[in-house]
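**Student:** For reference, the sequence and a predicted model appear below.
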Amino acid sequence: MDYNEKIQLGEKKNIDSVNVDNYLKFEFNRNTNIMTEYDLTRFIDETRLYEKERNENNKYCFYGTIEFLSLLDGIDLDVEHLSISDIFIKKEMEIENSLNLLDVFDFYLVTPNDEYFTLVQPGTDTDEYLQRYKVIATPDMFNIMNAGYSTNIFNDKKYYFDVNVVFDNDQNFVDGAGFPITEVYLFIMYRGINELSNELVTFYHWDPDESEQELNIEEVWDVGEVLFDSSAEKDIGTLIRHNNLEYNWWTHKKQMFKIKHGTEEGNIEWKYKPFIPIKLKYYSDNLISVNEDTTSYDKKESIPDYAHKLDNGNYIWREIIPDGEIDPVTGTGVDFPFVNNKKYVFTNFVIPIQPNLDHQITQELFSNIKFGESEIITKRPNNEEINNIGKPC
């Protein structure tokens, strides 16, 4: 085929020059060439080099969207909630004492702390720990802005965020129990409204026993500090369990913040979970065990630094799934964009603040919700309408 390109001015590029038409000829053919061993090795090595660089790199950048999904968004809090309509009817005008995302929340990026890790209850195979968290990004490192015209089901705006920090998750970076850090957390700190004198926020603590403590909503933390409430002199953490024989851990009891508003007569409670996990890596399902007395040099060299040593001389661990590999059965794995020697983690956060129905007054208030009668849907087909299918309206 011919490609016709018309050039407005000639080589002289002035008004006296003559326009020139250039013709560039393209030829398509299906000739096949044998790929030599050099080409094959070069292409494969480039792919392997990329995968090697990506898996050895542990620098992460974070961005995404935040959505505040709650009945609290926009309602007047400086009143007694004696009717369910006080909750569901939002004010059309701007309210001075109202909750919204930017005014009453601070966002921190935290990671499980590697130094302080309290053993709450030891067990034969499973230990129970209070997991503490260390700050890696403060609120002033978050850029939060409107996400275009995006809204949620309450017609409230969604927000876009990015964090001005690069988290370097070195392979030797482990939590207090010796497990590699595979996730960080978005910590949502409720700041409340200064004008409200009838507002109270509480959190849970499990050291030594489970208790509910009043939260100092004016507490702030810097990078490197552990989340700690100086008024209650308690750490803000979660209760987790470790299985020593299966090299596994899970959250046993999640942290819960409770927000209380109103007088004793009209007191209502809300609750939300302040820690939202951001997964960086996944463990493999295969448990690996190697005895320290083995004569195999390769097996000894394969034991990672984060392996746990048992009493019988065995080391156990789970491999971390490489980036780009997704388990076809469980769907676990990560495949983050890898650009400029950094991995970019996108997450869509939803902050759900729910009514605490374990609270008597709150439960009674929401039990007054009455739904209308269900609409009767005709299931019997109308033959006349069936005959008109496909005809112009």
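**Tutor:** Thanks, I have it. Numbers count the residues shown, from 1 in each chain.
**Student:** check which helix or strand covers the spatially closest residue to Leu357 that is not a sequence neighbour.
**Tutor:** Leaving out its chain neighbours, the residue that sits closest to Leu357 by C-beta to C-beta, 6 or more residues apart in numbering is Gln363, at 4.8 Å. Any C-beta I mention is one placed from the backbone N, CA and C, and that applies to glycine too. Here Gln363 sits within helix 360-366, counting by DSSP states H and E.
**Student:** Go through that helix and flag the buried ones.
**Tutor:** 361-362, 365 (16 or more other C-beta atoms under 10 Å).
**Student:** Could you do stretch 156-166 as well?
**Tutor:** Buried-residue list, stretch 156-166, by 16+ other C-beta under 10 Å: 156-159, 161-163, 165.
**Student:** How about stretch 330-350?
**Tutor:** Going by neighbour count (16+ other C-beta under 10 Å), the buried part of stretch 330-350 is 333-334, 336, 338, 342-343, 345, 349.
**Student:** contacts for that stretch?
**Tutor:** Residues outside stretch 330-350 that contact it (C-beta atoms under 8 Å, 6 or more residues apart in numbering) are 50, 53-54, 57, 59-67, 69, 166, 186, 276, 278-282, 285, 321, 323-327.
**Student:** Now the terminal residues of it, how far apart.
**Tutor:** 24 Å (C-alpha to C-alpha, to the nearest Å).
**Student:** And the buried residues of stretch 330-350, which two are furthest apart?
**Tutor:** Phe338 and Phe349 (22.6 Å; C-beta to C-beta).
**Student:** one step back: now, among the buried residues of helix 360-366, which is nearest to Glu212?
**Tutor:** Thr362 (15.6 Å).
**Student:** got the contact list for that closest one?
**Tutor:** 268-269, 355-356.
**Student:** among these, which one has the lowest pLDDT?
**Tutor:** Ranked by pLDDT, the contacts of Thr362 bottom out at Ile268 (79).
**Student:** hey, what's it bridged with?
**Tutor:** Beta-bridge partners for Ile268, by DSSP bridges, are His261.
**Student:** Renumber starting at 331 from here on
**Tutor:** Yes, from this point I'll number from 331; that puts the last item at Ile598.
**Student:** Against Asn546, how distant is it?
**Tutor:** Applying C-beta to C-beta, to the nearest Å, the value for Ile598 to Asn546 is 22 Å.
**Student:** the more surrounded of the two?
**Tutor:** Ile598 (23 against 13; other C-beta atoms under 10 Å).
**Student:** Please tell me I have it right and that one contacts Leu695.
**Tutor:** Yes - using C-beta atoms under 8 Å, Ile598 is in contact with Leu695, at 6.2 Å.
**Student:** So for the buried residues of stretch 660-680, which is the shakiest by pLDDT?
**Tutor:** Lowest pLDDT among the buried residues of stretch 660-680: Phe679, 87.
**Student:** Let me know the secondary structure of that residue.
**Tutor:** Classification of Phe679 using DSSP: H, G, I helix; E, B strand; the rest coil returns strand.
**Student:** Please give me every residue in contact with Val556.
**Tutor:** 443, 446, 462-465, 565.
**Student:** any chance of the residues you listed in a markdown table, with secondary structure, pLDDT and distance to Arg521 too?
**Tutor:** Output for the contacts of Val556, formatted as a markdown table (DSSP: H, G, I helix; E, B strand; the rest coil; pLDDT from 0 to 100; distance: C-beta to C-beta, whole Å):
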| residue | secondary structure | pLDDT | distance to Arg521 |
| --- | --- | --- | --- |
| Asn443 | strand | 81 | 23 |
| Tyr446 | strand | 56 | 25 |
| Arg462 | strand | 89 | 22 |
| Tyr463 | strand | 92 | 18 |
| Lys464 | strand | 92 | 21 |
| Val465 | strand | 94 | 16 |
| Asp565 | strand | 88 | 20 |
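**Student:** ok, and the most crowded of the residues you listed?
**Tutor:** Going by other C-beta under 10 Å, Tyr463 tops those with 27 neighbours.
**Student:** Skipping its backbone neighbours, what lies nearest that one in space?
**Tutor:** Val440 (4.0 Å).
**Student:** so that neighbour touches Phe558, yeah?
**Tutor:** No - using C-beta under 8 Å, Val440 makes no contact with Phe558, being 11.9 Å away.
**Student:** who's more crowded, those two?
**Tutor:** With neighbours defined as other C-beta under 10 Å, Val440 and Phe558 compare such that Val440 has more, 22 against 16.
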